Structures are given as structure tokens and as C-alpha cells.
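> Provided below for reference: sequence and predicted model.
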Amino acid sequence: MDVFALFATRVSAALKSLYPEVTEDALGRLVVEPPRDPAHGDLSTNAAMVVAKPLGRNPREAAAALAGHFASDKDVISAEVAGPGFVNFRIADALWLDVLRAVGQEGADFGRTNVGGGERVNVEYVSANPTGPMHVGHTRGAVFGDTLASLMEYSGYDVTREFYINDAGSQIETLARSTLLRYREALGESIDIPSGLYPGDYLVPVGQALAKEFGDTLLGMPESEAVPLVKDRVLDAMMALIKADLADLRIHHDVFFSERTLHGPDGDIAQTLAWLREQGMIYEGRLEPPKGKTPDEWENREQTLFRATDYGDDIDRPLVKSDGSYTYFAADIAYHRNKYLRGFKHMVNVLGADHSGYVKRLQAAVKAVSQGEADIDVRICQLVRLMKNGEPFKMSKRSGDLVTVADVVAEVGADATRFMLLFRRNDAAMDFDFALVKEQTRDNPVFYVQYAHARACSVFRVAEREMPGVDLSLLALRSAAVERLSTEAELDLVRSVAQWPRTVSAAALAHEPHRIAFYLYDLAAAFHGFWAKGKEDVSLRFVNAADPTLTLARLALVGAVRQVLVNGLTILGVLAPDELS
């Protein structure tokens, strides 16, 4: 049950009744949300203002008419005009209390919406070069992408989680050559790893496996023959490392798409360029010298260019290098056309801070290859700085010069890693303080939220101990007399629970999973606040053996808080422990 969506529907119906000529476009801009100042009411709507202008009416007069329409509504205590034409509602307690009944009935599905309408969405995230284990730079995008996919699934989208394996570039040749050195090492040679190769000791077991498989056979081969033999084996080993790192973070993908499959005479890139040429979307031309710093991709020559500026990009983009090989962007266009041909009209790409310049070109590519039918949202995850007690934190670096995901998870665990990385907007840089996430205080968000769940569970244990003959089953809680909840403290907590469905819908539509983390922290704060009131005022304690009816009503409230915490933490991929040590 979403009180805000319910009232949005009622307000829309009221406007249609008052003004039959109102358009659906105007009604589509209608918003019902909590007012910024709770003293102004429970709900506020901009409805009168969004319809007044196209109707040629005064917004405050339209607001007064709308407020009057609700004068006899049993669920509305008052409807008042404010400011330039807002209408603020105070809602009857009975409607808020219906939220508790809805939580009891719907359980894990409370807050689940269908704003996605079953539409297929491809969410691509991580997509790290398969040259070693995941480093901390990948972690934020991995957690963000995985949580966004979960949030969108919970909101009615048909989501495919995809990992694009960058296995077609020169870095794979470098990886294979690096592995051949470890192979020689496994056969007893002393090696020196030159600059430009991968020094991480994660290649040692791969070299040992090659020695076991090939003996000394590869030693006599020219590197040009040995590298192709090694390449697939080391790629498989690196992907196994990456998948293990992802599993430590509770992250999974449905599809692992190999960039190499795009190449070749009949590959997707060749087919895509032929199609683009047929459509008149590419041409032979010369790029103007860019102003300021010259990018690597600029060459002063006649070349094959994609008409990216026709689709919103700043410049047209080269597709073929001077040596005849394809540019990275040619592969990007082909890959996103592949997604579109697989049936994805909605795509989300999660990229690191160093890819912020890719946004317009990817949007142009998707618009072109789908002829305007598909869209893409490119979400940039800014950098994470590792800290401890406010100072930069140098961890052990077991993989060359990189701190790995495994290092971070070993230090603080998957729950803290995931929650803390989501407790800030993805487009804002952040500090990850290892000391903070080990504190058991309100300043540690993951502890504070998990503690709220554990505390809710402890309330039920106290009730079982102090009221041994009372039925505390879920069925009993569903029929609890929640109308006994009448104090402002109780109703404030109910209102906090009622925000959950609206939060889910808004976060899913905006592709902003940090809203879930923020909401859970606020709900935890409301719950801890109520608990503290019970310490000061015996009448507000959750369990009162002398009044089983009131206790059951309050347990229904505690159960609702606990359920919403579970629902939210599940979306975030964070556990909800019954007890904390």
C-alpha cells in the first residue's frame, strides 16, 4: 500500500472531475510527497499549479477548488492551500494504520512495485579488464550496478545483468606474455619482470598450471606461437579470479559478453559498420583540430567517421585507425547494437570516473543503431579514497601495485563494503574510512541499520519471554488492533514505514539506489528514537504484559519496521542479522 500513490490517483481523479478539459500530459507532472516542513501536514501536492497554466486559471483558485473537493473525504482531516498553489493534506490516522496491515499481508512484497511494467533492461556493470583480480577501483561500480539491478527487478523491470569482457585489446597480449614469464619461473628459471608487464603474484599459479600442462614445450616456441596457446587459459583463470571477487561481494551476472566475439571479417563490428554505411551514418572525412588539448583519437588524415553530432555528440567519431584496425568506439557501437538486436530498448551502463567523456558518444551510438527506439543511461561512479581515522590508508598490496576487492572485504566484510559504498550518490567522490565502519555507533550507517533490525528481533524475544501464553504469530499480528496506536511517537514511526513504497519507486525511476540506503538509515533512526522514548516513559515500551492487545498492536508496528528493513537490506545485498555481537 502506497499512501502517496493512492492520493496521487485521488487528486488526479478530483482534477478530472473539476476540470474535464485537463490533459493527461498536465496530470503526468502531478506530484504528491511529504511537505518539507512536517508542521505543514502529511502530504503536499503541486497539482493545482501544474494544471492551472494550461487551463488559463489562477493556481491558488484551482488549489482552493481542489482542497474543497476533499472536504468530505473521510481519510482527510484537512486540506489547506499554501504558497503559490500547493495543497497540504492532513491524513486520518486510520489510513496510516492501514499501512501496517498491508505490511503484515504483503511481507517481502511490501514496497514491490510495477513501475517497470515488465520492460526489459540491460544493466552492464564492472566490465573490468580481465588482467587480474578486481581492484578497489572497480568496487563502487560493481556494488552500484548490482544494487541498481536488484532495485529495478524489485520495481517490475525484466533485468539482465551483463559483464562486458574487454578481451580484445593489447592488454591481453601483455597478460599472456606476463604469464609466460611465470611459466618460466615455474620451471625453475629466475625471472625479472620488465616494466609494462603485469607483476602481480596472482599469475604464479597460472604459470604453474602451464608448466604442468605443457612441461618445457613452450620454451622452444617463438613467442608469437606460445602467446595464442596461453591466452585463452590465462583469460579463463583471470575471469575465475574476478568471479570469485564478485561472489565475495554477493554480486552475480547473467551474461558475460566477450569483446573478441565482435571482431573478425564477419563479426558484429564489420556488420555494424556496413549497416551504418547503408544508413548514411558514416562517411570519409577529416576531423577539425580540437581546441585545447589534443585527444589521442585525433589524427590529421582522411578517415572513416561516425556522424555522432547528428545524434547529440560534440564531434564526429573515428571508427578505423590508421593501421586498419577498429577504434574502441567502433566496438562500442557494435556492442550496443548487439544489445539492441537482443531486444533491449533500455540500457544502463555503469562506468568509472575516467569514462565521464563517454556519456554523449554512447548516447549517440544507441540512438543511431536503434534509430531512436532505444535509450541508454550512463551512470558514472566517482573515485573512492581509502581512509583510516581520517588519514589515507595503505593496505597490503598482494597484486602488484593494486589494492584488491578481496583486501577490502577481508578487512571489513561484504555488508559494510556494500552499504558504505551506497551511502553516497554515485556521482560524488567519497572517502571509505575503515575505522568508521568498525565502530558500533550511529556514525557507522551499516551498524546503525543492522542494529535496528537486531533490536526489533530482540523485542519479539522479550515478548515471548514476558508473555508466554500470548499468540505472537504472524497471523495474530495481522489481526492486531492497530487502532490502539494513537500516540504521536507511534504514528510518526508508522509514517516512516509508509514512505517505503514511494522511496522504492522514486529510486528505481531515477536509477539512484543510494536513496534506499538513506531511507533505511532514517527508518532506523526513527525506530531507535522510539526505543529511547520507551526507556524514559514506561507507557511507550513495546511490551506491556498487562495490556496484551496494545502489545500486539505495537509488535505489529515493530514487525513492520523489521520487514521493511529486511526488504531494503535485501535490495542492497546486505544481511539483516537477528543479533549483533
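Alright, I've got the coordinates. Numbers count the residues shown, from 1 in each chain.

> what's the weakest-modelled helix or strand in the protein?
Among the helices and strands of the chain, strand 391-392 carries the lowest confidence by mean pLDDT, DSSP states H and E, at a mean of 82.

> what sits up against it?
Identification of contacts with strand 391-392 by CB atoms under 8 Å, 6 or more residues apart in numbering yields Arg385, Leu386. To be clear about C-beta, it is placed using only N, CA and C from the backbone, and glycine gets the same treatment.

> Parallel or antiparallel, which strands does it pair with?
Here strand 391-392 is paired, per DSSP bridges, with strand 384-388 (antiparallel).

> For the strand it pairs with, give the mean pLDDT please.
The predicted model assigns strand 384-388 a mean pLDDT of 86.

> Can you mark which positions in it are buried?
Val384, Leu386, Met387, Lys388 (16 or more other CB atoms under 10 Å).

> May I have it exported as PDB, CA atoms only?
Taking Å, rounded to 0.1, in the frame of the first residue of the first chain, the C-alpha atoms of strand 384-388 are listed here in PDB:
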ATOM      1  CA  VAL A 384      36.700   6.100  -3.600                       C
ATOM      2  CA  ARG A 385      39.600   7.100  -1.300                       C
ATOM      3  CA  LEU A 386      40.600   4.600   1.300                       C
ATOM      4  CA  MET A 387      41.000   6.100   4.700                       C
ATOM      5  CA  LYS A 388      41.600   5.100   8.300                       C
END
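
> Show me what secondary structure element comes after the least confident helix or strand of the chain.
helix 405-412 (DSSP states H and E).

> Which elements pack onto that next one?
helix 136-154, helix 223-248 (3 or more CB pairs under 8 Å, 6 or more residues apart in numbering; DSSP states H and E).

> What is the longest one packed up against?
Counting by 3+ CB pairs under 8 Å, 6+ apart, the packing neighbours recorded for helix 223-248 are helix 170-186, helix 204-214, helix 405-412.

> what's the angle between it and helix 204-214?
Computed by axes from the mean of the first three to the mean of the last three CA atoms, to 10 degrees, the angle separating helix 223-248 from helix 204-214 equals 130 degrees.

> Also the first one?
Angle, helix 136-154 to helix 204-214, by the same axes, to 10 degrees: 90 degrees.

> Use 39 as the first number from now on
All set: I'll call the first residue 39, so the last point we hit is now helix 174-192.

> Note down every partner strand of the helix or strand just after helix 174-192 and its orientation.
On the C-terminal side of helix 174-192, the nearest following helix or strand under DSSP H and E is strand 196-203. Sheet pairing for strand 196-203, assigned by DSSP bridges, gives strand 158-162 (parallel), strand 293-296 (parallel).

> Adding distance to Arg456, mean neighbour count and mean pLDDT, write the ones you listed out as JSON lines.
Formatted as JSON lines, the strands paired with strand 196-203 follow (distance: least, CB to CB, whole Å; neighbours: other CB atoms under 10 Å; pLDDT from 0 to 100):
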{"stretch": "strand 158-162", "distance to Arg456": "16", "mean neighbour count": "23", "mean pLDDT": "98"}
{"stretch": "strand 293-296", "distance to Arg456": "21", "mean neighbour count": "16", "mean pLDDT": "97"}
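
> Switch those over to JSON lines; also include distance to Met458.
Formatted as JSON lines, those follow (distance: least, CB to CB, whole Å):
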{"stretch": "strand 158-162", "distance to Met458": "21"}
{"stretch": "strand 293-296", "distance to Met458": "27"}
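
> Would you mind telling me which of those strands is nearest Phe457?
Ranking the strands paired with strand 196-203 by their distance to Phe457 (criterion: CB to CB) puts strand 158-162 first, at 19.8 Å.

> Kindly export that closest one (C-alpha atoms) in PDB.
The C-alpha atoms that make up strand 158-162 are tabulated as PDB, following Å, rounded to 0.1, in the frame of the first residue of the first chain:
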ATOM      1  CA  ARG A 158      13.500  -5.400 -20.500                       C
ATOM      2  CA  VAL A 159      16.500  -3.500 -19.200                       C
ATOM      3  CA  ASN A 160      20.200  -4.400 -19.700                       C
ATOM      4  CA  VAL A 161      22.400  -3.200 -16.800                       C
ATOM      5  CA  GLU A 162      26.100  -3.500 -17.600                       C
END
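
> Contacts for it, please.
Outside strand 158-162, the residues that touch it by CB under 8 Å, 6+ apart are 183, 186-187, 190, 195-202, 377, 380-388.

> Off-centre distance for that strand?
Mean-position distance between strand 158-162 and its chain equals 12 Å (CA atoms, centre = their mean, to the nearest Å).

> circling back to that earlier point, could you write me a ChimeraX select line covering just the buried ones among the contacts of strand 158-162?
Under the burial definition 16+ other CB under 10 Å, those of those that qualify are selected in ChimeraX by:
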select :183,186,187,190,195,196,197,198,199,200,201,202,377,382,383,384,385,386,387,388
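
> which SSE is the closest residue to Phe148 other than its chain neighbours in?
Spatially, and ignoring its direct neighbours in sequence, Phe148 is nearest to Val141 (4.7 Å; CB to CB, 6 or more residues apart in numbering). Secondary structure assignment for Val141, by DSSP H and E: helix 131-144.

> which other residues reach that helix?
Contacts for helix 131-144 (CB under 8 Å, 6+ apart): 39, 41, 80, 113, 148, 150, 512, 515-516, 520-521, 523-524, 529, 532-533, 535-536, 594-595, 597-598, 601-602.

> quick one: which of those sit in helices?
Those of these mapping onto helices are 41, 512, 515-516, 529, 532-533, 535-536, 594-595, 597-598, 601-602, per DSSP state H.

> Pick out the residue nearest the middle of the chain.
By CA atoms, centre = their mean, the chain has its centre lying nearest to Leu186, at 2.6 Å.

> in this structure, what residue sits furthest out from the centroid?
In the chain, counting by CA atoms, centre = their mean, Gly258 sits farthest out from the average C-alpha position, at 50.1 Å.

> From Val612, how far off is that residue?
Remark: distance between Gly258 and Val612 (CB to CB, to the nearest Å) = 53 Å.

> Equivalent analysis for Gly350, please.
To Val612, Gly350 is 38 Å away according to CB to CB.

> One more: Arg399?
Distance, Arg399 to Val612, using CB to CB: 35 Å.

> the more surrounded of the two?
A direct count of neighbours by other CB atoms under 10 Å for Arg399 and Val612 places Val612 higher, at 25 against 21.

> ok, Val244 touching Leu219?
No - using CB atoms under 8 Å, Val244 is not in contact with Leu219, being 10.8 Å away.

> if you count what's nearby, which of these two comes out ahead?
Higher neighbour count among Val244 and Leu219: Val244, with 23 against 19, using other CB under 10 Å.

> Which residues lie in contact with the more buried one in this structure?
For Val244, the contacting residues are Thr217, Arg220, Arg271, Val272, Ala275, by CB under 8 Å, 6+ apart.

> Off-centre distance for the helix holding Val141?
Mean-position distance between helix 131-144 and its chain equals 28 Å (CA atoms, centre = their mean).

> Low-confidence regions, this protein specifically.
Residue ranges of the chain with pLDDT under 70: 330-336, 432-440.

> Next up, phi/psi of the closest residue to Gly611 other than its chain neighbours, please.
Excluding the flanking residues, the one nearest Gly611 by CB to CB, 6+ apart is Arg288, at 4.8 Å. When read as degrees, to the nearest 10, the backbone of Arg288 gives phi 60, psi 40.

> Ala452 is in contact with Arg288, correct?
Yes - under the criterion of CB under 8 Å, Arg288 makes contact with Ala452 at 5.8 Å.

> which neighbours do these two share?
Between them, Arg288 and Ala452 share these contacting residues under CB under 8 Å, 6+ apart: Gly611.

> Those two: who's more crowded?
Using other CB under 10 Å, the more surrounded residue of Arg288 and Ala452 is Ala452, with 19 against 16.
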